[in-house]
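Student: Only the shape, not the letters, is given here:
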Ligand code: PEP
Ligand code: MG
């Protein structure tokens with residue numbers, strides 16, 4: 001029989017669709033071997049699955065060998081051609097198996113009839129999942145092309161097999177958490193993908209892959225549709241401009257600090273003769289209007305996406321969005337079909353401005369596959385939009401329009417979830433609401449023994465202020481000032497900044513506000529500030545280093561902070577301070593600004609307190625001197641953990657090493673608090689650690705009394721504080737400080753079972 005060209009006939013889509021049918025693993029694998037054997041005209045196709053614990057490969061499906069061997073034949077790693085392929089993580093193709101020294105013959109399963117042998121490992125990165133094996137009677141039957149095809153199939157299989165495995169793990173986990181939360185025992189889903197949580201909440205919707213290579217940037221014309229005229233197109237342009245203007249207006253009300261220019265690119269492109277004029281010309285010369293829009297939009301997408309300038313590349317999403325709006329308006333579709341309601345966006349890369357835009361257009365959730373930058377995670381949390389990070393392969397395995405439910409708390413994505421999954425998630429959502437209910441929040445937070453603790457809010461966008469007030473926070477412990485910078489096309493002026501900061505101060509009604517100076521660099525980049533490419537941006541020109549290097553920009557921000565603080569209780573703190581010298585240099589610039597404002601007769605807050613964010617090991621070493629110089633210290637635990645442990649906070653590969661309970665972190669926090677107490681300086685904590693229920697007793701125990709957190713966590717933190725006794729917290733902290741090993745701290749925390757006390 002003539003062998004077909006496997007590169008063409010190996011219908012991988014068919015394999016994926018088998019997985020989508022939600023088959024149990026056994027049936028799924030059996031269908032796969034039948035399909036592969038059929039396409040390749042191989043006499044045998046088998047799948048072995050690798051068990052990490054036993055280090056054995058077991059035959060799990062076969063077409064061509066004796067079915068009774070399934071589950072009974074197993075190989076050690078390195079045993080036979082299959083075992084070698086898996087051990088050596090490479091395909092092995094043998095022309096005459098009987099002559100190969102690695103050949104391992106199993107009697108009774110009819111292998112002896114086959115000479116050609118091709119074994120391809122099924123891998124997930126470097127992780128062994130199993131092997132895909134084909135055999136044929138004719139010697140030298142398999143070609144290099146066959147190897148290529150089988151490798152492609154093995155790559156697809158890896159995702160499928162892993163998903164099916166994860167599903168059973170998820171079921172086990174669900175029953176383990178059943179005691180703490182409403183029962184999930186009966187959760188059954190078709191397929192799940194596990195990623196990393198980057199924001200909170202749950203979302204349901206259909207997949208919309210933004211940068212899918214196979215997808216046209218714009219809707220294609222329906223051949224049966226009634227043709228549209230140039231006049232129809234002009235009307236669509238008008239309607240589109242109205243829609244965008246009202247979106248912009250709405251954003252300016254809801255998100256005054258970051259709304260500026262968010263939709264300006266849309267409007268500029270829409271007004272551009274090259275764009276709309278060219279579409280009109282195409283229509284007038286006989287091209288159907290929908291096709292004309294698609295043609296021009298695709299040309300723009302092509303040009304923009306190839307640009308070397310990040311500012312131009314950023315416009316790809318805008319032009320695609322614009323194209324779809326124009327088309328839908330031309331077709332007179334309902335206006336709300338122009339937005340992203342009911343859709344979960346899957347994107348390789350997202351910019352904070354994309355997140356803002358899509359949120360204004362009602363997107364339900366985000367799935368990103370290029371890792372999550374801190375700013376994207378922070379902005380999604382502030383906007384209340386769930387976000388999960390997954391790998392590129394996982395993202396590619398999600399078909400467009402797939403129905404999904406994403407649990408961003410756990411980083412889990414359910415594909416085609418059944419009714420039971422929806423029902424259980426509704427229960428979880430209500431449980432979440434109860435946990436975060438602000439209605440019984442008290443103005444003051446006291447421990448069981450009556451000690452006063454203060455809960456402040458971390459504010460990223462002005463829109464965070466409303467929930468902050470609802471949650472009765474005592475002030476702002478951290479205002480991340482970079483978002484108004486990130487969404488613009490240039491540095492905002494002193495005046496523009498002043499307007500934003502003043503709103504913040506006014507809305508806090510006399511409560512303390514802590515401004516943090518610009519913290520860019522690392523993974524928080526400004527697209528319009530193209531500094532030289534740094535090999536190690538996290539160790540480069542970021543945060544206070546950037547400000548000290550770019551004094552004009554720094555001075556404008558400081559003046560805006562000082563002015564906004566007139567007659568209010570405000571503080572300014574500097575991120576990523578690495579020495580007393582950094583702090584003193586920054587403080588001197590503040591003093592210069594105060595003098596200048598005095599001489600100009602402009603009012604400001606002369607009592608503004610100046611503080612240091614404790615984020616670097618070097619700062620911990622000189623914390624005594626810093627505490628002497630500064631008015632206050634604020635522990636930025638997100639970066640402190642990153643830099644003390646040398647673990648990139650955005651890198652999934654090392655996320656297991658990012659441990660807040662590492663003994664070095666515990667001791668560093670203790671040292672910082674002790675220095676603050678000794679020098680009678682205020683110490684607070686504003687990283688994510690400050691709302692971690694497992695760690696709160698430790699933090700209280702070392703003497704921390706000021707916590708700056710995302711306000712949504714305020715009820716949980718207040719309840720926990722109410723249930724704690726300081727003497728008991730001190731006992732816990734002292735025990736934890738004694739441990740030298742991570743494992744000892746973990747065992748201790750498990751024993752304390754502190755988390756469950758909070759849920760009670
Ligand atoms: C921190 O590092 O803990 C912090 C609060 O700052 P950011 O998360 O903005 O870096
Ligand atoms: Mg930080």
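Tutor: Yes, it's here. This one's a predicted model, so the numbers in the text were calculated from it and none came from an experiment. Ligands and ions are numbered 1, 2, ... in the order given.
Student: contacts and neighbour counts: CA atoms only from here.
Tutor: Fine.
Student: Could I get the contacting residues of residue 752?
Tutor: For residue 752, the contact set (CA atoms under 8 Å, 6 or more residues apart in numbering) is empty.
Student: That one and residue 565, how far apart?
Tutor: To residue 565, residue 752 is 44 Å away according to CA to CA, to the nearest Å.
Student: where does the stretch 251-400 of the chain have low pLDDT?
Tutor: For the stretch 251-400 of the chain, applying pLDDT under 70 flags the ranges 259-261, 308-314, 333-338, 371.
Student: For the stretch 651-760 of the chain, list the residues in contact with ligand 1, please.
Tutor: Counting by CA under 6 Å from any ligand atom, the stretch 651-760 of the chain comes close to ligand 1 at 686-687.
Student: at 8 Å instead, please
Tutor: 685-689 (CA under 8 Å from any ligand atom).
Student: and residue 523, how many neighbours does it have?
Tutor: 16 (other CA atoms under 10 Å).
Student: from what I can see it touches residue 537, true?
Tutor: Yes - between residue 523 and residue 537 there is a contact under CA atoms under 8 Å: 7.3 Å.
Student: out of the residues of the stretch 651-760 of the chain next to ligand 1, which are buried?
Tutor: 685-687, 689 (16 or more other CA atoms under 10 Å).
Student: JSON lines please, covering those and showing pLDDT and secondary structure.
Tutor: Shown next, in JSON lines, are these (pLDDT from 0 to 100; DSSP: H, G, I helix; E, B strand; the rest coil):
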{"residue": "685", "pLDDT": "98", "secondary structure": "strand"}
{"residue": "686", "pLDDT": "97", "secondary structure": "coil"}
{"residue": "687", "pLDDT": "93", "secondary structure": "coil"}
{"residue": "689", "pLDDT": "94", "secondary structure": "helix"}
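Student: Quickly name whichever of these is closest to residue 329.
Tutor: residue 687 (45.4 Å; CA to CA).
Student: Wait, the closest one touches residue 709, no?
Tutor: Yes - counting by CA under 8 Å, residue 687 touches residue 709, with 7.4 Å between them.
Student: and the closest residue to ligand 1 within the stretch 351-500 of the chain, what does it touch?
Tutor: Taking CA to the nearest ligand atom, ligand 1 has its nearest neighbour within the stretch 351-500 of the chain at residue 480, 6.2 Å off. Residue 480 is in contact with 458-460, 515-519, counting by CA under 8 Å, 6+ apart.
Student: Return the residues of the stretch 301-450 of the chain in contact with ligand 1.
Tutor: Going by CA under 8 Å from any ligand atom, the residues of the stretch 301-450 of the chain near ligand 1 are 374-375, 378.
Student: Give me the buried subset of these.
Tutor: 375, 378.
Student: Cross-reference the residues of the stretch 301-450 of the chain next to ligand 1 with the helices and report the matches.
Tutor: 374-375, 378 (DSSP state H).
Student: Tell me, how many residues neighbour residue 751?
Tutor: Residue 751, neighbours per other CA under 10 Å, totals 9.
Student: That should have said residue 298, apologies.
Tutor: Residue 298, neighbours per other CA under 10 Å, totals 19.
Student: got the buried residues for the strand or helix carrying it?
Tutor: Using DSSP states H and E, residue 298 sits within helix 289-306. Within helix 289-306, the residues that count as buried by 16+ other CA under 10 Å are 289-298, 300-301, 304-305.
Student: who does that helix touch, helix- and strand-wise?
Tutor: When contacts are defined as 3 or more CA pairs under 8 Å, 6 or more residues apart in numbering; DSSP states H and E, helix 289-306 packs onto helix 278-284, helix 310-313, helix 315-330.
Student: Now stretch 561-572: average pLDDT?
Tutor: Computed over stretch 561-572, the mean pLDDT rounds to 98.
Student: What is the end-to-end distance of it?
Tutor: 8 Å.
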